[in-house]
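A.B. asks: need a structure here:
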Amino acid sequence: MPSTEKPVVRHRKIGAYRVLGELGRGGMAQVYRGLHEMLQREVAIKEMLADPVRDKEAVSRFRREALALAAFRHQNIVTLYDLVEKNDVLFMVMEFVDGPTLHELIKEGPLPPEVGAAVGARIAGALEHAHFRRIIHRDLKPANVMLTKAGDVKLMDFGVAKDVGLEALTAQGMAVGTPSYMSPEQVTGAPVDGRTDLFALGVLLYEALSGGRPFLGRNAGEVFARIRDGDYTPLSKVAPQVPKPLADIIQRALQVKPEDRFPNAAAMRRELESFLAQHVRMSYEAFLVGFLRHRQKLTETEALAHLTQEELSIVEDFELQARPPRAWVPWLLAAATAAAGLGAGLAFTQSYWMGLVRQLTLR
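C.D. replies: Numbering: from 1, shown residues only. Sure, this is the predicted structure:
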């Protein structure tokens, strides 16, 4: 029988922050929900679980992530408030994001094309900011992207980020990242730059719009081989509802050679925004709030704190836009069209065929 006990919270206070409960746990870190009591501000507190004496590389990664986050001032990158040390253990105190991850949303079904493009444009903007500060994320995936109840997109987890101005933590030729989202440069151990993150963004958008990853295999070796060879089914085949201009953007991001992709995150952001300008008539934030409301990730009251009732009604058909047509639908539509055409033809030629019937009857 699964345990019904709540996770044990090991801390009551961390620095100036009172621990309210556990948010999640990974292999190397545990995240708590906390409160700065004097400011009455909710925060997320990330605790490093590695032994600081035995695993010096993990400590270096944790500090590197904190330094990376401290360098950012961007609305689409989670904000770092503090770095606290308690009993030789490090804690990052960060902005608390009250909303689902992109991974959770995709599990419920593909995103409508416009929603995927809006999320992608915000991520590209975050990458543009990070790359300007010479930091490459290297582990971009849906689990590292969150949507807030106010419609903001937040890029998180710079744990394997690389500062191109500093020595890399990993040995030369070692692959770093999550297999299905890694670029050809990462899987072959070649030098990486910001275009590596754009490849991962292409994989993320492909998955967001189709519900499946482009590069799959029975093991990491098969996945790596397909990434290296650019072996995947085009988005137009698995998600025909995605408009061609958006599918073309994703296809360009997934090019094997970095020079064939977008030259930088700003260029990809502009292409996504150009697509959105033709399809979305409200702010991205308002659009995403409407989508979250439709997916029941926030109440109508929470949605109406940011939208008018008219704006909320615009996004009521999200799921219909996102769902690919079934195989029999085109045939049914064709049959209906043919029947309608036949009926119209008979109506217009009624006098002729009625006369023909009378002649045949009198004979």
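
A.B. asks: buried ones in stretch 276-286?
C.D. replies: Buried residues in stretch 276-286, defined by neighbour count with 16 or more other CB atoms under 10 Å: 276, 280, 284, 285, 286. C-beta coordinates here come from the backbone N, C-alpha and C atoms, glycine included.

A.B. asks: And stretch 120-135, by the same measure?
C.D. replies: Buried positions in stretch 120-135, judged by neighbour count with 16+ other CB under 10 Å: 120-131, 135.

A.B. asks: again with stretch 34-45
C.D. replies: For stretch 34-45, a neighbour-count test (16+ other CB under 10 Å) marks 34, 35, 36, 43, 44, 45 as buried.

A.B. asks: mind listing which of the residues you listed are in strands?
C.D. replies: Taking DSSP state E as the definition of strands, the buried residues of stretch 34-45 contribute 34, 35, 36, 43, 44, 45.

A.B. asks: Okay, strands next: where are they in this structure?
C.D. replies: Under DSSP E, the chain gives strands at 13-14, 17-25, 29-36, 41-48, 80-86, 89-95, 135-136, 145-147, 153-155, 162-163.

A.B. asks: Looking at the ones you listed, which is nearest to residue 217?
C.D. replies: For these, the distance to residue 217 is smallest for strand 145-147, at 23.7 Å, taking CB to CB.

A.B. asks: Run the chain-centre distance for that closest one.
C.D. replies: A distance of 7 Å separates the centroid of the chain from that of strand 145-147, by CA atoms, centre = their mean, to the nearest Å.

A.B. asks: tell me the mean pLDDT for it?
C.D. replies: Taken as a whole, strand 145-147 carries a mean pLDDT of 96.

A.B. asks: what packs against it?
C.D. replies: helix 102-107, helix 113-132, strand 153-155 (3 or more CB pairs under 8 Å, 6 or more residues apart in numbering; DSSP states H and E).

A.B. asks: And residue 183, how far from residue 38?
C.D. replies: With distances taken as CB to CB, to the nearest Å, residue 183 is found 44 Å from residue 38.

A.B. asks: Residue 128 too?
C.D. replies: Counting by CB to CB - residue 128 and residue 38 are separated by 35 Å.

A.B. asks: go on, residue 145?
C.D. replies: In terms of CB to CB, residue 145 sits 31 Å off from residue 38.

A.B. asks: coming back round to it: of all the strands of the chain, which one is nearest residue 305?
C.D. replies: It's strand 145-147; of those, that one is closest to residue 305 (CB to CB) at 15.6 Å.

A.B. asks: Can you give the contact residues for that closest one?
C.D. replies: Contacts with strand 145-147, where a contact means CB atoms under 8 Å, 6 or more residues apart in numbering, come from 78, 97, 99-103, 105, 119, 123, 153-156, 204, 288, 292, 297.

A.B. asks: residue ranges with poor pLDDT in this structure?
C.D. replies: 1-10, 27, 50-54, 159-177, 315-363 (pLDDT under 70).

A.B. asks: Hmm, residue 261 is touching residue 255, no?
C.D. replies: Yes. In terms of CB atoms under 8 Å, residue 261 counts as a neighbour of residue 255; the distance is 4.9 Å.

A.B. asks: okay, and the common contacts of these two?
C.D. replies: residue 199.

A.B. asks: So for these two, which residue has more residues nearby?
C.D. replies: Neighbour count, other CB atoms under 10 Å: between residue 261 and residue 255, residue 261 has more, with 22 against 17.

A.B. asks: tell me the contacts of the more buried one?
C.D. replies: So residue 261 contacts 195, 198, 199, 202, 252, 253, 254, 255 (CB under 8 Å, 6+ apart).

A.B. asks: Could you do residue 118 as well?
C.D. replies: 153, 276, 280, 284, 287, 288.

A.B. asks: could I get the residues you listed as CSV with distance to residue 30?
C.D. replies: Converted to CSV, the contacts of residue 118 look like this (distance: CB to CB, whole Å):
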residue, distance to residue 30
153, 25
276, 37
280, 38
284, 32
287, 34
288, 29
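
A.B. asks: Between all of those, which two are separated the most?
C.D. replies: Across the contacts of residue 118 (CB to CB), the longest gap, 14.4 Å, separates 153 and 280.

A.B. asks: Residue 194 touches residue 135, doesn't it?
C.D. replies: No. Residue 194 sits out of contact with residue 135 when judged by CB under 8 Å, with a separation of 9.3 Å.

A.B. asks: care to break this protein down by domain?
C.D. replies: Domain ranges of the chain: 15-95, 102-322, per automatic domain parsing.

A.B. asks: Highest mean neighbour count out of those?
C.D. replies: For the domains of the chain, the largest average neighbour count (mean count of other CB atoms under 10 Å) is found in domain 102-322, namely a mean of 19.
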